[in-house]
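K.L.:
quick one, what's the 3D model for this:
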Amino acid sequence: MHGGKVSYSITPILTGVRNPDQGIMTYQQGYGKRIWLPIWAFLLQGKDHTIMVDTGLDENELITPPGFKEETGMEPVTLREGLQQEGLVPDDVDIVINTHLHDDHCGNNGLFNKAVFYVHEAEVKFCKNPHPIDHRYDDYFIEGLEFTYVTDGQQIVSGVKVLHSPGHTMGGLSVIVKTGEGNVVITGFCCNRKNFPENGPAVCPGVHLDAVAAWESIQRIRQLGMTILPMHDLLLKKISG
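P.N.:
You can find the predicted model right below:
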């Protein structure tokens, strides 16, 4: 990720909101506290590429929970609307990276007819034959799509590479992006800022298929020393290119 002048801006697009318990973010912590859980899709814009990291919640399922707009001043939009606000349409996107294939991370994959899709092979295998313990998968999400499989540390294009971050899911990917504000990592697992206390180790994601792997993945991300964009944090802002 060093050298050259390639960099990207990162624009989080709010595609939906849920109102769960904090405990689904932080393992064995925060139970009984309701939170706003934003569902983001991340638009990366560089000189040569326009990239989506995740595609958010299906635009047909867009719901704003009562009180969210009043409390936060924020309002979800469809991904199509979010792109339009940036002067783009889905066909302008040439790359889609799915961090994983839960419903709220790949719900709008079908919009991107001209994009190359990148994902970890373990995610596709699990999505095709999910275990009953994880209801967030449906092979409908990947119907008709062709994926390019990636491995740990692989560069997608100059300035963008992926790390395998298993635990929350089998094939989770975190995405490192070179921006005008330094290197930024988008976590490939569901968490918010409560997972990254000022002191001590990071907190294991509350929803996981493998708690040990999830714990190790989040420590690895923290130890990178980069700016972290937790996938479901409420207070994400645009990062300049």
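K.L.:
which residues of this protein score low on pLDDT?
P.N.:
Scanning the chain for pLDDT under 70 picks out 1-4.
K.L.:
cutoff 90 now
P.N.:
1-5, 61-64, 129-143 (pLDDT under 90).
K.L.:
which stretches of it form strands?
P.N.:
9-18, 37-45, 50-53, 95-97, 116-120, 147-150, 155-157, 160-164, 173-179, 182-186, 227-229 (DSSP state E).
K.L.:
residues in contact with Q155?
P.N.:
Contact analysis of Q155 by CB atoms under 8 Å, 6 or more residues apart in numbering lists K161. All C-beta spots, glycine's among them, are computed from the backbone N, C-alpha and C.
K.L.:
need the strands of the chain in JSON lines (columns: distance to T78).
P.N.:
Output for the strands of the chain, formatted as JSON lines (distance: least, CB to CB, whole Å):
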{"stretch": "strand 9-18", "distance to T78": "7"}
{"stretch": "strand 37-45", "distance to T78": "10"}
{"stretch": "strand 50-53", "distance to T78": "14"}
{"stretch": "strand 95-97", "distance to T78": "16"}
{"stretch": "strand 116-120", "distance to T78": "20"}
{"stretch": "strand 147-150", "distance to T78": "24"}
{"stretch": "strand 155-157", "distance to T78": "25"}
{"stretch": "strand 160-164", "distance to T78": "25"}
{"stretch": "strand 173-179", "distance to T78": "22"}
{"stretch": "strand 182-186", "distance to T78": "21"}
{"stretch": "strand 227-229", "distance to T78": "21"}
